[in-house]
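> Below is the sequence, then the predicted model.
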Amino acid sequence: MEELKDQLYDLDENLDNYLIYDREAYLKESLYSTGFVDGYKRGLEEGRLIVRQKIITPMLEKMTIEEVSKLTKLPIEEIEKIVDFSKDEEENS
């Protein structure tokens, strides 16, 4: 019985060696199908907004959006997006 248990354990550990499939394609498809990649991208975007918000918000207390845009080389639309994100965060706090 112990020998059978060891064989099953080895089979489970080395399953990839026994199957014929494109492991990378399978993992990529499974990640996309679970929404992991979309969630990851949204998380990165939100992280960027938070970092930019912490830098730009104090600047906007002393400068116009146009001045901040020239200084940071960010488009005005991006700065407005950050301002909107800041307002949403304040409302949800």
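On my side now, so go ahead. Numbers count the residues shown, from 1 in each chain.
> hey, let's count contacts and neighbours off CA atoms from now on
Noted.
> where does this structure have low pLDDT?
For the chain, the stretches with pLDDT under 70 are 4, 7-21, 31-33, 93.
> The same query, at a cut-off of 80, please.
Within the chain, the ranges that satisfy pLDDT under 80 run 1-38, 88-93.
> distance between the top helix by length along it and the chain's centre?
Using DSSP state H, we find that the single longest helix of the chain is helix 36-60. Centre-to-centre, helix 36-60 and its host chain are 10 Å apart (CA atoms, centre = their mean, to the nearest Å).
> Check which element follows that helix along the chain.
Later in the chain than helix 36-60, the nearest helix or strand by DSSP states H and E is helix 65-72.
> Buried by neighbour count: which residues of that next one qualify?
Neighbour counts over helix 65-72 (16 or more other CA atoms under 10 Å) mark Ile65, Val68, Ser69 as buried.
> can you put the residues you listed in a markdown table and add distance to Ile82?
Shown next, in a markdown table, are the buried residues of helix 65-72 (distance: CA to CA, whole Å):
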| residue | distance to Ile82 |
| --- | --- |
| Ile65 | 11 |
| Val68 | 12 |
| Ser69 | 12 |
